[in-house]
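**Student:** just a sequence and a predicted model for now, questions to come.
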2 protein chains.
Amino acid sequence: MALIIQKYGGTSVGTTERIQAIANKIIDCRQQGHDIAVVVSAMSGETNRLIGLSREISRSPVAREYDVLVSTGEQVTIALLSMALQEQGQAARSYTGGQVRILTDDAHSRARIRNIDGYGIKKDLNAGRVAVIAGFQGVDENGNVTTLGRGGSDTTAVALAAALEADECQIFTDVDGVYTTDPRVVPEARRLSRITFEEMLEMASLGSKVLQTRAVEFAGKYNVPLRVLSSFEEGEGTLISYEEAGVEQAKISGIAFNRDEAKLTVTGVPDQPGVAYRILGPIADNNLEVDMIIQNIGQDGMTDLTFTVHRNDYDKALEILQIVAGDVGAREVIGDPRIVKVSIVGVGMRSHAGIASSMFQSLANEGINIQMISTSEIKISIVVDEKYLELAVRTLHEHFQLEQD
Amino acid sequence: MALIIQKYGGTSVGTTERIQAIANKIIDCRQQGHDIAVVVSAMSGETNRLIGLSREISRSPVAREYDVLVSTGEQVTIALLSMALQEQGQAARSYTGGQVRILTDDAHSRARIRNIDGYGIKKDLNAGRVAVIAGFQGVDENGNVTTLGRGGSDTTAVALAAALEADECQIFTDVDGVYTTDPRVVPEARRLSRITFEEMLEMASLGSKVLQTRAVEFAGKYNVPLRVLSSFEEGEGTLISYEEAGVEQAKISGIAFNRDEAKLTVTGVPDQPGVAYRILGPIADNNLEVDMIIQNIGQDGMTDLTFTVHRNDYDKALEILQIVAGDVGAREVIGDPRIVKVSIVGVGMRSHAGIASSMFQSLANEGINIQMISTSEIKISIVVDEKYLELAVRTLHEHFQLEQD
């Protein structure tokens, strides 16, 4: 008998019929002898409806009240799912974030969990009840409602699993697991039965939007085995955990990519301390998120600095750089909003030299020009013209034989 | 400078535009120098939407979860109204029932308030903030969400006024006060500038559905001056308070009536102790609400027992009585689902004999046959055929000169 935390997202609880289907799924799992606590999101569309109401009143509502408003979405779901379980004869009890109590800091709309008191839930589980918990929300020390930000329900589930020392945290989504790459691009893409936390982090932040990055970080930190499964189909999903000693690792686990990048380069930058900060500071001050940053060695006291931003931020970034370039005495600003990033990810990379050159060679064979390269311990990212995206991903998927288990 | 509790119902906060209008109304009142705490209901239609969702899942949902569900309606309103106030530069803070904390018993969906901790709200008011409180909800000792039952927001407002020792509790509705009778029946009906708690109770329970009976009882018990006003029009409304010594009272304050009554009579009932209970017990056991009960003196060891129920319950009550009549050895059961009740109400009645006979005479002059009579200290009710309703009300309104101040 295991203690399992399950999390169902907005689409999985989008209608009362789906909520009833989820209730049956939970009861099946109970009948296998497991104790279950369930974390749920707002019914799909509900959060946007609430945000729409607030927009009609204020363009920038006070964050405290915004949290009071949007937290009602999950509260509706916990009540309905508890009713659905009870209707099937399964004892259940709902919990708001405050009732659990999920204590957070007071950073409304992007609060971080400080502590979870799992006493009440433990008591329910011991009494044979299913505990149904509102995701995405908590309370601060003064009892104010807080929310963890969009997608925070994953984080709630993982934090709860850590607090209750659960055997597994199961995240039910509309996909049946984590794939070697996007099956829409590579039909041969294969569902991974296992992946490490580190690999998952690289995959998630690179665009495989299955899990929230924070939830994966949290799971890794507290060593909570995380499983991604489908709400709608049967299957084992993908287990995310630490690398097990003795298990032979594939060199590459998957290929992530991001379609929506744009690159900007400031050329002829005086190669002096503080210059990178003077260029990137104004970008950050304008709340533009920077992804890759590349600066090669300088020549003749000058260097070039390149970085990538989300394509939507390209014009704004260009505008800022025009001013900054003048301030720092750079030559010019050039850019390209039609680039993509492709990355290979795998813990096996650490111990295997030659993967990078093998990667670059396979791309060269297809005539794909690599514009930029950036590497980390378990990842190699390249930037190419957007027209090469599909070709590059398919080439790499085949080259590293990811279709094979 | 006074401390005022204002309560706005579902229609008054039915759209974001109306919420903004209410915010302006509150700010006007603040600018007159008053401290204000506001109690709000769910946006009109929202509670029914939530109940609809629960019905899709369960015909008889567990009451605890039902309360978790429907209490989100008011939570949405407090957030939106607080945002609207803040948008206009008026500091404000929202409170759920649990945050206030409005402590209730654990009778879900019909909980009663036990205690209100007004400390946080007092602090807000002293700091110049408007406190915006979710009506209709509270928490029990174990932190479970409870609701006070439909219309309970009035009760929240009055209880809060008592706890904070407010100078006045203003209930904003879609009517501009309490009238001598329904203006749709008598166009000359006049808005009362004052009425006593006792009169209001008789008016409310008799069908003038301006205020919840429990709220009026509560206000009377804690001597909270209560004012009914319109959300949409300017005006002084009607003040409900205790009779002031020295103020000359009109004999009659108003005429209440109820269209939806039905009467049932069990004839030839053995005139023995316990017989009334044996007849009415099964009615109560079936959750049928009984209004008037009349039993005259018996003759020859036999008596007749008559009572009225809501017209919707007539068939069910008749069915029950057919069985009960046999059990108690009564002669027969007769009934009429087409009767109405008309009542004159007024504290002045206490000290003025002759009002009843004056009432009966005026009706006789119009050829209206009185089927039943029942009286209390400040009220005389009669039952007549439904076809006489408008004629009876107009006749009495004119007879007691209620159109004159």
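**Tutor:** Done, it's in.

**Student:** and for the closest residue to A:Ala127 other than its chain neighbours, the neighbour number?
**Tutor:** The shortest distance from A:Ala127 to any non-neighbouring residue, by C-beta to C-beta, 6 or more residues apart in numbering or on different chains, is to A:Ala91 (7.4 Å). Bear in mind the C-beta positions are built from the backbone N, C-alpha and C, glycine included. Neighbours of A:Ala91 under the rule other C-beta atoms under 10 Å in any protein chain shown: 14.

**Student:** correct me if wrong: A:Thr146 contacts A:Gly138.
**Tutor:** Yes. Using C-beta atoms under 8 Å, A:Thr146 is in contact with A:Gly138, at 5.1 Å.

**Student:** A:Asp304 - how many residues pack around it?
**Tutor:** The local packing of A:Asp304 (other C-beta under 10 Å) involves 18 other residues.

**Student:** next: A:Glu366.
**Tutor:** Burial of A:Glu366 is recorded as 13 neighbouring residues (other C-beta under 10 Å).

**Student:** which residues touch A:Pro187?
**Tutor:** Contacts for A:Pro187 (C-beta atoms under 8 Å, 6 or more residues apart in numbering or on different chains) come out as none.

**Student:** tell me the phi and psi of A:Met372?
**Tutor:** phi -140, psi 150 (degrees, to the nearest 10).

**Student:** err, A:Pro61, not the other one
**Tutor:** phi -60, psi 150.

**Student:** pLDDT value on it, please?
**Tutor:** pLDDT, A:Pro61: 94.

**Student:** isn't it up against B:Met83?
**Tutor:** Yes. Look at A:Pro61 against B:Met83 with C-beta under 8 Å: they come within range, at 4.4 Å.

**Student:** give me the three-state assignment for A:Ser44.
**Tutor:** Secondary structure assignment for A:Ser44 (DSSP: H, G, I helix; E, B strand; the rest coil): coil.

**Student:** neighbours around it, how many?
**Tutor:** Residue crowding around A:Ser44 was assessed by other C-beta under 10 Å; the count is 16.

**Student:** same question, A:Lys316
**Tutor:** By other C-beta under 10 Å, neighbour count at A:Lys316 equals 14.

**Student:** and A:Glu87, by the same measure?
**Tutor:** For A:Glu87, the neighbour count with other C-beta under 10 Å is 17.

**Student:** thought it was touching B:Ser54?
**Tutor:** No. The criterion here is C-beta under 8 Å, and A:Glu87 misses it with B:Ser54 at 10.3 Å.

**Student:** and for these two, which residues touch both?
**Tutor:** Residues touching both A:Glu87 and B:Ser54 (C-beta under 8 Å, 6+ apart): B:Pro61.

**Student:** give me the mean pLDDT for the longest strand along chain A.
**Tutor:** As assigned by DSSP state E, the longest strand anywhere in chain A is strand A:254-270. If you average the pLDDT over strand A:254-270, you get 92.

**Student:** which element is A:Leu389 on?
**Tutor:** For A:Leu389, the host element (DSSP states H and E) is helix A:389-399.

**Student:** what separates that helix from the chain centre, distance-wise?
**Tutor:** Remark: helix A:389-399 is offset 23 Å from the chain centroid, using C-alpha atoms, centre = their mean, to the nearest Å.

**Student:** buried residues, that helix. List them.
**Tutor:** By neighbour count with 16 or more other C-beta atoms under 10 Å in any protein chain shown, helix A:389-399 contains the buried residues A:Leu389, A:Leu391, A:Ala392, A:Val393, A:Arg394, A:Thr395, A:Leu396, A:His397, A:His399.
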